[in-house]
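# Give the three-dimensional model of this entry:
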Amino acid sequence: MSHNVFGRLTCALILAAALVVAVLSPLGATGVAASPPTSASGTFRYSGEPISCWPAGGNTICEFAPTVVTYTGAFDGTSTGPNTLTIHADGSANFHGFYTFTGTVNGIPGTVTFEAHGTGTSDLQFQATLTSVSGTGALANLHAVLRQVGTVEGHPVGTYTGQIHFDP
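This next block holds a predicted model:
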């Protein structure tokens, strides 16, 4: 093969590769993206009784199994799951647990598991943050972070706000 033919063949291959890139690039740029974040809000009410409590270094630790949380609003359904509540000597408290929500989110059915961390004050104010860790059904790709704020009237009750979005 002569040098001139080799040069033309190389140029032709480079042009063909550039054409393929030019044609296919827009296809990659229009791939599926996550949905934009959407606000979520509503009300919640916890219920459940401890299955055991014991003193520990000036604190009282209680195990709950299961705790039930009823939601209305963007989340409409119930969550259930065990949690641990620590009541400190000063009357403040904190808890941690995993809850599985069953119901609808903005009308979309399925289940979502949340990890929850919460605190309470001696004057019975309550707040918690719930972060989704997994889901099933139409909620399998839901990502949610909810903040609960309320009071303890026997059990925590109040409102939640947060952001949700769906991955593709």
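
# Tell me where the chain has strands.
38-47, 50-56, 59-73, 75-87, 93-105, 108-120, 125-137, 142-153, 155-166 (DSSP state E).

# Adding mean neighbour count and mean pLDDT, write those strands out as JSON lines.
For every residue, glycine as well, the C-beta is placed using N, CA and C. Formatted as JSON lines, the strands of the chain follow (neighbours: other C-beta atoms under 10 Å; pLDDT from 0 to 100):
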{"stretch": "strand 38-47", "mean neighbour count": "16", "mean pLDDT": "96"}
{"stretch": "strand 50-56", "mean neighbour count": "11", "mean pLDDT": "96"}
{"stretch": "strand 59-73", "mean neighbour count": "17", "mean pLDDT": "94"}
{"stretch": "strand 75-87", "mean neighbour count": "18", "mean pLDDT": "95"}
{"stretch": "strand 93-105", "mean neighbour count": "19", "mean pLDDT": "96"}
{"stretch": "strand 108-120", "mean neighbour count": "18", "mean pLDDT": "97"}
{"stretch": "strand 125-137", "mean neighbour count": "17", "mean pLDDT": "97"}
{"stretch": "strand 142-153", "mean neighbour count": "18", "mean pLDDT": "96"}
{"stretch": "strand 155-166", "mean neighbour count": "18", "mean pLDDT": "96"}
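
# show me the residues around the spatially most central residue of the chain that make contact.
Among the residues of the chain, S132 comes closest to the average C-alpha position under C-alpha atoms, centre = their mean, at 2.1 Å. Counting by C-beta atoms under 8 Å, 6 or more residues apart in numbering, S132 touches 112-114, 142-145.

# Domain map for the chain?
1-31, 38-166 (automatic domain parsing).

# how about I87, what does it touch?
Taking C-beta under 8 Å, 6+ apart, we find I87 in contact with 59-62, 93.

# nearest to V149, of these?
Checking these against V149 by C-beta to C-beta gives A93 as the nearest, at 15.1 Å.

# which one is the closest one nearest to, not counting chain neighbours?
For A93, ignoring the flanking residues on the chain, the nearest one in space by C-beta to C-beta, 6 or more residues apart in numbering is G120 at 4.1 Å.

# Could you do A116 as well?
Closest residue to A116 apart from its sequence neighbours, by C-beta to C-beta, 6+ apart: L130 at 4.7 Å.
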